[in-house]
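Trainee: Predicted structure and sequence below. I'll ask about it afterward.
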Amino acid sequence: MAGASSGVLPFYQRYVNGVPVPGRKTLRLREKYILLLVLMTFSIVCMCAFMYLPNLHDKVSMEEMRKRLHDAGDRLFIPQARMGPDGVPLDWGKVLRHDEDEDVHNVNDKHKLQGKIEKAWEQDKLSEALGKQMDLHPDEAQKLKESIKFEKENVLQKQREENERQKLAAIEAAKQVVKDHDGHPGSRGGEPSDPDAKEKRDKVREMMRHAWSTYVKYGWGANEHKPISRRAHSSSIFGSVGLGATIVDAVDTLYVMGLDEEYKVARDWIATSLNFDISADLSVFETNIRFVGGLLSAYALTGDQVFKKKAKEVADKLLPAFNTPTGLPYGLVNFKTGSSRNYGWASGGCSILSEVGSLHLEFDYLSTITKDSTYRDKVMKIRNFLRDADKPSGLYPNYVHPKTGKWGQHHVSMGALGDSYYEYLLKEWLVSNKEDSDAREMYDKAMQAVYDKLLAKSNSGLTYFAEYKSGRLEHKMDHLACFAAGMVGLGAEGSDNKQKYLNMGEELANTCHESYIRTATGLGPESFRFEGSVEAKAIRQNEKYYILRPEVLEGWYYMWRLTKKQKYRDWAWAMLQSLEKHCRTEGGYTGIKDVYQVNPQQDDVQQSFFLAETLKYLYLIFSDDSLLALDKWVLNTEAHPLPVKGVNPAAMEL
């Protein structure tokens, strides 16, 4: 048993029914042909696969790729540029916009750029191939290659120059003024006949120049600036997003004051650099009164279409905030995503009365000039909802929920959180040329409840608005509430007792004046109280600051226009002198932290509303009544003038 002894079966041995039988040592002819065919097929497959492998000899090196990226120039890497007031970049580069022809962050444009790089590489390979085919000497082939490279770079340079030329042409085109109308004669001028008033008005113009020029120098393009630190201010209500709030807020003041050079700089920046394609949560209320209001005002004053276009752009960014069951908007909206929310500190996730109620003037006028009812429909839905809502004791609480429509904490105030809701009811009636009877009726009912519940007198006879909190009064009046002196005075016309409300407006204006003259600086505190022997004075440290606010001056301005009593101009001049003494610096104007200190610490912020409101009211109070006449113009809560329908050409539908 050879097999058994060796332990391995011979290769030819096989089993049949368990019995080993000898096997064949050779293949039949047919089997040989089959095996040969299999080997040939495998060889052909391998050869074909090898032919399709990439040519590694032509692989682009890292050095060559680096060169291609360099040749691509600023089409690949685009440094951001900050534009100067003259429209010229402050540094080399360009601002990346997502609406331009090519955006390297866009997938399609990435492919375009990659194609250009590959095309350039192919041109180099072609030049090498030409040298080989033409059987050129290596030196001549190198010269040909360099010539082709030079021509390619020349073409790319010309293309870059053409792109730059087109961009500059677009900027120049935006600077061209295209008008829908010429505004109204009462939008400028108003020089007073009184030499003393003229001298004081000229002083206000000088203050405006100083505030504006320092912003241009230290904060251009930012929302505000720090006059002491002499740098941009990025902690305002708009955060670090550079929207040029001071430029938009100030542009109508520059125009009204006849500061033409400064106005043109502001106008051209708005036309070429104001951009709302940002990812940030912005206040619906503040964006509306400052940006939409400021742009619409500039349009109404000048007829320049660029302001109308920009106003529509920013208003469209606000629209997602209105997508609620009640139509009451949220307080914040993200300009990129459209997501909306309310402030975390607001009562129970509520919206704020003054914010939801201070959109009507701007949105209504925007619908008029664009012939798009979308904006008017939004604010009419708000008005109708609040009109029909049940009000506790006839009062409007400061908080209302945008989903349920239910009131939040029962806090009622003519100051912060409530103020401009009442103001806009009256001004909706005024801007309609007194035809909007629904707005007037709502104003009268709302204010009657306020007079009944909040109006009070101090021991010495000072009239003020207290705050109502869950059934009790807090005898505190905000600086913000001092606007009501002018509102009550304006509302006297058309009321059931004109003289009564004129007198009430004067009493409120006097109380706010007392809050100023009882300080060491001649400037009023953020809020003041009436408690025991304390009258019209701040008690708490966090109420003693002044941040260049206009509301007290606003009340005096309307009282001057309505009564012509010299004391209002005198009070305004005294305030101006206090501003010059305590708030003016070489770098602009700043607020102060304690109005009761002889040498107060300054807060180092020039607020945008200082140029929009405070200086505008000072200028108007020393101007003739023909400038922004009360029967032709209505000022929004940021002092941006809007035209009265039917009597002002700027209010006509196009």
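Mentor: Perfect, I can see it now. Numbers count the residues shown, from 1 in each chain.
Trainee: Could you verify that residue 421 is part of a strand?
Mentor: No - counting by DSSP: H, G, I helix; E, B strand; the rest coil, residue 421 is located in no strand; its state is helix.
Trainee: And the pLDDT for it?
Mentor: Among the per-residue scores, residue 421 shows a pLDDT of 98.
Trainee: Please name the residues that touch it.
Mentor: Contact analysis of residue 421 by CB atoms under 8 Å, 6 or more residues apart in numbering lists 353, 354, 356, 357, 358, 396, 446. Using the backbone N, CA and C atoms, a C-beta is placed for each residue, glycine as well.
Trainee: surely the fifth one meets residue 637?
Mentor: Meaning residue 358. Yes - counting by CB atoms under 8 Å, residue 358 touches residue 637, with 5.7 Å between them.
Trainee: tell me, what residue is most central in this protein?
Mentor: residue 243 (5.1 Å; CA atoms, centre = their mean).
Trainee: Run a quick check on it versus residue 224, I expect a contact.
Mentor: No - under the contact definition of CB under 8 Å, residue 243 does not touch residue 224, with a separation of 10.6 Å.
Trainee: rewinding a little: check the contact lists of residue 358 and residue 637 and give me the overlap.
Mentor: 289, 420, 423, 424.
Trainee: Mind picking the two most distant members of those residues?
Mentor: The largest distance within the shared contacts of residue 358 and residue 637, taken as CB to CB, falls between 289 and 423 and amounts to 10.8 Å.
Trainee: Report the rounded mean pLDDT for the longest helix seen in the chain.
Mentor: Under DSSP state H, the helix in the chain containing the largest number of residues is helix 138-175. Mean per-residue pLDDT for helix 138-175: 77.
Trainee: Tell me the helices and strands packed up against that helix.
Mentor: Counting by 3 or more CB pairs under 8 Å, 6 or more residues apart in numbering; DSSP states H and E, the packing neighbours recorded for helix 138-175 are helix 62-72, helix 107-133, helix 260-273.
Trainee: what about the second one, average pLDDT?
Mentor: Meaning helix 107-133. pLDDT averaged over helix 107-133 equals 60, rounded to a whole number.
Trainee: just the first one next, same as before
Mentor: When pLDDT is averaged over helix 62-72, the result is 60.
Trainee: Overlap of the contact sets of residue 289 and residue 423?
Mentor: 358, 637.
Trainee: who touches residue 469 in this structure?
Mentor: 410, 411, 412.
Trainee: before we move on, what about residue 190?
Mentor: 620, 623, 624, 625, 626, 627, 628.
Trainee: quick one: it is in a helix?
Mentor: No - inclusion of residue 190 in a helix is not indicated when three-state DSSP is applied; the result is coil.
Trainee: Phi and psi next, for it.
Mentor: Dihedral angles of residue 190 (phi, psi; degrees, to the nearest 10) stand at phi 70, psi 30.
Trainee: Roughly how far does it sit from residue 41?
Mentor: Taking CB to CB, to the nearest Å as the criterion, residue 190 is separated from residue 41 by 100 Å.
Trainee: follow-up on the earlier one: closest one to residue 499 out of the shared contacts of residue 358 and residue 637, please.
Mentor: For the shared contacts of residue 358 and residue 637, the minimum distance to residue 499 (CB to CB) is 21.7 Å, reached by residue 423.
Trainee: show me the contacts for the closest one.
Mentor: With contacts taken as CB under 8 Å, 6+ apart, residue 423 has the following neighbours: 358, 483, 487, 637.
Trainee: what separates the third one from residue 505, distance-wise?
Mentor: Relative to residue 505, residue 487 is positioned 8 Å away (CB to CB).
Trainee: Show me whatever sits in contact with both of these two.
Mentor: If you check residue 487 and residue 505 against CB under 8 Å, 6+ apart, the residues they both contact are residue 558.
Trainee: Enumerate the positions of stretch 617-637 that are buried.
Mentor: Burial within stretch 617-637, assessed by neighbour count using 16 or more other CB atoms under 10 Å, is assigned to 617-624, 627-629, 632-637.
Trainee: Then stretch 151-171?
Mentor: Within stretch 151-171, the residues that qualify as buried by neighbour count (16+ other CB under 10 Å) are 152, 156, 163, 171.
Trainee: I'd say the last one and residue 273 touch.
Mentor: No - counting by CB under 8 Å, residue 171 does not reach residue 273; the two are 9.1 Å apart.
Trainee: List of residues touching whatever helix or strand residue 554 lives in?
Mentor: Take DSSP states H and E as the rule and residue 554 turns out to sit in helix 551-563. The set of residues external to helix 551-563 that reach it, using CB under 8 Å, 6+ apart, is 479-487, 489-490, 492, 502, 505-506, 508-509, 512-513, 515-516, 524, 565, 568-569, 571-572, 575, 613-614, 617-618, 620-621, 625, 630, 639.
Trainee: ok, back up a step: which one among the contacts of residue 421 gets closest to residue 312?
Mentor: Checking the contacts of residue 421 against residue 312 by CB to CB gives residue 358 as the nearest, at 19.0 Å.
Trainee: any idea how far the residue nearest to the closest one when sequence neighbours are not counted lies from residue 42?
Mentor: In space, and not counting its chain neighbours, residue 358 is closest to residue 420: 4.2 Å by CB to CB, 6 or more residues apart in numbering. To residue 42, residue 420 is 87 Å away according to CB to CB.
Trainee: Looking at the two, which one has more neighbours?
Mentor: Of the pair residue 420 and residue 42, residue 420 is the one with more neighbours under other CB atoms under 10 Å, namely 24 against 10.
Trainee: Can you give me the distance of that one to residue 276?
Mentor: Taking CB to CB as the measure, residue 420 falls 23 Å from residue 276.
Trainee: what does residue 391 give?
Mentor: With the distance defined as CB to CB, residue 391 ends up 36 Å from residue 276.
Trainee: Please apply the same query to residue 379.
Mentor: Counting by CB to CB - residue 379 and residue 276 are separated by 20 Å.
Trainee: can you check residue 506 too?
Mentor: Distance check for residue 506 against residue 276: by CB to CB, it reads 43 Å.
Trainee: got the angle between the helix or strand that the helix holding residue 554 is followed by and helix 551-563?
Mentor: Following helix 551-563 in sequence order, the next helix or strand is helix 566-582 (DSSP H and E). An angle of 150 degrees separates the directions of helix 566-582 and helix 551-563 when computed by axes from the mean of the first three to the mean of the last three CA atoms, to 10 degrees.
Trainee: Give me the buried positions along helix 566-582.
Mentor: By neighbour count, with 16+ other CB under 10 Å as the criterion, the buried positions of helix 566-582 are 568, 569, 571, 572, 573, 575, 576, 578, 579, 582.
Trainee: sec struct for the closest residue to the fifth one other than its chain neighbours, please.
Mentor: Sequence neighbours aside, residue 200 is the residue nearest to residue 573 in space, at 5.9 Å (criterion: CB to CB, 6+ apart). Using three-state DSSP as the criterion, the local structure at residue 200 reads helix.
Trainee: is it true that residue 478 touches residue 464?
Mentor: No - because the distance of 10.2 Å does not satisfy CB under 8 Å, residue 478 is recorded as not touching residue 464.
Trainee: ok, those two, which is more surrounded?
Mentor: The residue with the greater number of neighbours, taking residue 478 and residue 464 and applying other CB under 10 Å, is residue 464; the counts read 27 against 24.
Trainee: Okay, and the beta partners of that one?
Mentor: When bridges are assigned using DSSP bridges, the partners listed for residue 464 are residue 456.
Trainee: my guess is it meets residue 510, correct?
Mentor: No - counting by CB under 8 Å, no contact exists between residue 464 and residue 510, whose distance comes to 10.2 Å.
Trainee: Burial check on residue 441, number of neighbours?
Mentor: 13.
Trainee: distance between the host helix or strand of it and the chain's centre?
Mentor: Using DSSP H and E, residue 441 maps to helix 437-453. Centroid separation for helix 437-453 versus its chain: 33 Å, with CA atoms, centre = their mean, to the nearest Å.
Trainee: Please verify my assumption that residue 233 contacts residue 224.
Mentor: Yes - Residue 233 is within contact range of residue 224, at 4.1 Å (criterion: CB under 8 Å).
Trainee: Sweet, I'm off.
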